[in-house]
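Novice: please find the sequence and the predicted model below.
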Amino acid sequence: MTDDDGTTAAAATGTLGYEQARDELIEVVRRLEAGGTTLEESLALWERGEELAKVCRHWLEGARARLDAALARPQEDDPS
């Protein structure tokens, strides 16, 4: 699949931040729900949505790991 600017979807997805991926995923879902696309366009949108969902999941899992690590560290003002 190729984006409008000529880059491959996989390469473009790898550089997206969470908010960018989330916003594009919202747009993909909106377009799929609106209908009016061909089967081929719908499949391409679905595939792009799956890629974007993976990017979002990756960012969220990373955030969870950072929070868990921060919570596991002893607090500086903790007397124990």
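Specialist: Structure received.
Novice: mind listing what residue 32 touches?
Specialist: 42, 45-46, 49 (CB atoms under 8 Å, 6 or more residues apart in numbering). All C-beta atoms are positioned from the backbone trio N, CA, C, and that covers glycine.
Novice: so how far is residue 21 from it?
Specialist: Residue 32 sits 16 Å away from residue 21, going by CB to CB, to the nearest Å.
Novice: model confidence score at residue 40, please.
Specialist: pLDDT, residue 40: 98.
Novice: buried residues, the helix or strand it falls within. List them.
Specialist: Secondary structure assigned from DSSP states H and E places residue 40 in helix 39-72. Applying a neighbour-count criterion of 16 or more other CB atoms under 10 Å, one finds 44-45, 48-49, 51-52, 55-56, 59 buried in helix 39-72.
Novice: what is the nearest of those residues to residue 71?
Specialist: Nearest to residue 71 among the buried residues of helix 39-72: residue 59, at 18.7 Å, using CB to CB.
Novice: hmm, back to that, using TSV, lay out the contacts of residue 32 together with distance to residue 28.
Specialist: Converted to TSV, those look like this (distance: CB to CB, whole Å):
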residue	distance to residue 28
42	10
45	5
46	8
49	4
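Novice: tell me the one of the residues you listed nearest residue 64?
Specialist: residue 49 (22.1 Å).
Novice: how about that closest one, nearest residue that isn't a chain neighbour?
Specialist: residue 28 (4.3 Å; CB to CB, 6 or more residues apart in numbering).
Novice: doesn't that neighbour belong to a helix?
Specialist: Yes: assessed by DSSP: H, G, I helix; E, B strand; the rest coil, residue 28 belongs to a helix.
Novice: and the pLDDT at it?
Specialist: pLDDT for residue 28: 98.
Novice: and if you look at the one 4 residues further on?
Specialist: Residue 32 carries a pLDDT value of 97.
Novice: state the phi and psi torsions of residue 36.
Specialist: As for residue 36, its main-chain torsions (degrees, to the nearest 10) stand at phi 80, psi 10.
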